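Asks: sequence first, predicted coordinates after that:
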Amino acid sequence: MSDANTQNTQNAGNAGPVAAAPAQGKQLPEACEHTTRHSITVNGGELDYAATVGTILIDTPKVPKAASIFFTAFDLVNGEGKTDPARPVTFIFNGGPGSSTTFLLMGSIAPKRINVPDTAPVPAAPYALVDNAHTLLPVSDLVFIDAAGAGFSEILDAAKPELWSVDGDVAGFSAFIRAYLSKHHRWNSPKYVLGESYGTTRGAALAYRLQQDGVALNGLTLISNVLDYTFTSDLIDEFYVGYFPSYASVAKYHGRAASDVELDEHLKAARAFAAGPLRLALAAG
């Protein structure tokens, strides 16, 4: 991030994202960014980083400035507050479609997360933000993206037929990533994409689209894969075959099964059972 492209807030207390005003007529708000400085201790070492919320306008073939894409970025900085343009950068999005990326941003791999108990009922509000010891920031700068029309991202009505489709959604993300790489001088960075749920469907297609658009990815991470939707319907046998190892793993975690074996051995047996006896039983009827 260059200083010329960044508008710093006057104090860290105003760092939270503020929704842009609704689009009037055929206009979207101009692109803007706000950056604050923070630090976090991970594995005994202190890391300084910049947190940026902002928007980037993207075009479609038929509509210029078709959507305002909202993002939240975290970049390691040195003592002078400068980023390293050669560091890896990972572009991150949740599924949906129609969902913002708040779940990965607030509950998974960002430098901060909501403090909720693990595998336990979540208590009522209020909730607090805490440092996230499991953030990916030590190994990569992070850019969380809201799809057009989701979260704080806005879209013109005229662009919805282009961007609100499988291929259009992928084209929009490609346009944003390329614009971000140019604006923040990250073309020389190792580039990664991380998607969750429907974001894995998007991520697989996006990797191909980015290659067509001149962006060579260094890696792709898929969480909670949904690459073949026939496997998510309980009307077919593959639904039960595919879910059985996951249910067996959950049962093991909660002490309801396989207390006398290691997890790896338990999962190996569960997968073998699902692919063998369970599949045959379902096929028989």
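Replies: Great, that's in hand. What you see is a predicted model, and the numbers here were worked out from it, not measured in a lab. Numbers count the residues shown, from 1 in each chain.
Asks: break this protein down into its structural domains.
Replies: The chain breaks down by automatic domain parsing into domains covering 3-227, 232-284.
Asks: mean neighbour count, these: which tops it?
Replies: domain 3-227 (a mean of 17; mean count of other C-beta atoms under 10 Å). All C-beta atoms are positioned from the backbone trio N, CA, C, and that covers glycine.
Asks: just give me how far it sits from the chain centre.
Replies: Put simply, domain 3-227 sits 7 Å off its chain's centre (C-alpha atoms, centre = their mean, to the nearest Å).
Asks: with stretch 268-285 instead?
Replies: On C-alpha atoms, centre = their mean, the centre of stretch 268-285 falls 34 Å from the chain's centre.
Asks: let me know the average pLDDT across it.
Replies: Across stretch 268-285, the average pLDDT comes to 91.
Asks: quick check: end-to-end length of it?
Replies: 25 Å (C-alpha to C-alpha, to the nearest Å).
Asks: need the residues that contact that stretch.
Replies: With contacts defined as C-beta atoms under 8 Å, 6 or more residues apart in numbering, stretch 268-285 is touched by D237, Y240, V241, G242, F244, P245, A248, S249, A258, V261.
Asks: ok, now stretch 74-83?
Replies: With contacts defined as C-beta under 8 Å, 6+ apart, stretch 74-83 is touched by 1, 37, 47-52, 84, 87, 110-111, 137, 141-142, 184.
Asks: tell me where this structure has strands.
Replies: 7-8, 33-42, 45-58, 67-76, 89-93, 112-114, 129-131, 141-145, 154-155, 191-196, 219-223 (DSSP state E).
Asks: where among the ones you listed is the average confidence lowest?
Replies: Mean pLDDT is lowest for strand 7-8 among the strands of the chain, at a mean of 37.
Asks: any stretches of this protein with poor pLDDT?
Replies: Low-confidence segments of the chain (pLDDT under 70): 1-26, 231-233.
Asks: what ranges do the helices span in it?
Replies: Counting by DSSP state H, residue ranges of the helices within the chain are 102-107, 160-163, 166-183, 198-212, 237-253, 263-273, 279-284.
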